[in-house]
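Undergrad: how does the following fold in three dimensions:
(chains A and B)
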Amino acid sequence: NAGVTQTPKFQVLKTGQSMTLQCAQDMNHEYMSWYRQDPGMGLRLIHYSVGAGITDQGEVPNGYNVSRSTTEDFPLRLLSAAPSQTSVYFCASSYAKDRSLAKNIQYFGAGTRLSVL
Amino acid sequence: DAKTTQPTSMDCAEGRAANLPCNHSTISGNEYVYWYRQIHSQGPQYIIHGLKNNETNEMASLIITEDRKSSTLILPHATLRDTAVYYCIVRVGRGGSNYKLTFGKGTLLTVNP
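TA: Now for the predicted structure:
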């Protein structure tokens, strides 16, 4: 198993550009999420999904869109990049069936380092 | 989720045991203790979890006090690659619908040669 794969690893954007951060997992996990990590701020939840076709907002969703058309993929879209979106982005996944104990065992990707100039 | 308190930083000599404490005095009966770590520039990594019994896996051991108000993560033979920020998280196990993990500031463990 590859686990959780994020692409690209690094990206530089100009203000106003759009892009999609890719996240894929091969563990058949129902739950997937996106976090951003900034110095001194810890990890903050952007969006999450408990299954294909279901998404919901986290604590910092503004400026980001997500969709979940398959169990495996959960892309994060930046609609119009802003310097405040310069950050490291992590995708995570876990089992979610029946509100099981395993939902708290989340597997993270290696991250995408994004700079917006 | 119950609040947790961890030391900001700790040092450990390579090859020695690293004992990382966590205080969670307001933990409730259905909350588990989870440990994650984040090596520099990598994504967080799950280590171990427990309810009230001591737990051990290939990565670490978790000791939870009888009153469950504190716990200790033990890395039995620390290596340089164990240098990371370690997070103690207390979460409801079964029955909760909130999937968000709150990582806090954690403990920076530095393993020295």
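Undergrad: chain neighbours aside, what residue packs nearest to the residue of chain B found nearest chain A?
TA: When distances are taken as CB to the nearest CB, chain B reaches nearest to chain A at B:G43, 3.2 Å away. Heads up, the C-betas are built off the backbone N, CA and C, glycines and all. Nearest non-adjacent residue to B:G43, counting by CB to CB, 6 or more residues apart in numbering or on different chains: A:F108, 3.2 Å away.
Undergrad: spatially central residue in the chain, please.
TA: Defaulting to chain A. A:W34 (2.5 Å; CA atoms, centre = their mean).
Undergrad: correction: the question concerned chain B.
TA: B:W35 (3.3 Å).
Undergrad: what sits against it?
TA: Applying CB atoms under 8 Å, 6 or more residues apart in numbering or on different chains to B:W35 gives the contacts B:20, B:22, B:46-49, B:60, B:62, B:73, B:86-89.
Undergrad: ok so, going back, how about the secondary structure of the residue nearest to the centre of chain A?
TA: Following DSSP: H, G, I helix; E, B strand; the rest coil, A:W34 is assigned to strand.
Undergrad: my guess is it meets A:R68, correct?
TA: No - using CB atoms under 8 Å, A:W34 is not in contact with A:R68; the gap is 11.1 Å.
Undergrad: mind listing what A:A52 touches?
TA: Neighbours of A:A52 in contact, by CB under 8 Å, 6+ apart: A:68-71.
Undergrad: near chain A, which of the contacts of B:W35 show up?
TA: B:46, B:49, B:89 (CB under 8 Å from any CB of the partner chain).
Undergrad: who wins for neighbours among the residues you listed?
TA: For the ones next to chain A among the contacts of B:W35, the largest neighbour count, defined by other CB atoms under 10 Å in any protein chain shown, is 24 neighbours, found at B:I89.
Undergrad: that one pairs with what?
TA: B:Y34 (DSSP bridges).
Undergrad: A:C91: which of the contacts of A:A52 is nearest?
TA: A:R68 (11.9 Å; CB to CB).
Undergrad: and A:V88, what's its pLDDT?
TA: A:V88 is assigned 97 on the pLDDT scale.
Undergrad: could you pull out the strands for chain A?
TA: A:4-7, A:10-13, A:19-25, A:31-38, A:42-51, A:54-57, A:64-66, A:76-78, A:87-94, A:107-108, A:112-116 (DSSP state E).
Undergrad: okay, these in a markdown table with distance to B:T5 next?
TA: Output for the strands of chain A, formatted as a markdown table (distance: least, CB to CB, whole Å):
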| stretch | distance to B:T5 |
| --- | --- |
| strand A:4-7 | 30 |
| strand A:10-13 | 35 |
| strand A:19-25 | 32 |
| strand A:31-38 | 21 |
| strand A:42-51 | 15 |
| strand A:54-57 | 29 |
| strand A:64-66 | 32 |
| strand A:76-78 | 32 |
| strand A:87-94 | 24 |
| strand A:107-108 | 24 |
| strand A:112-116 | 30 |
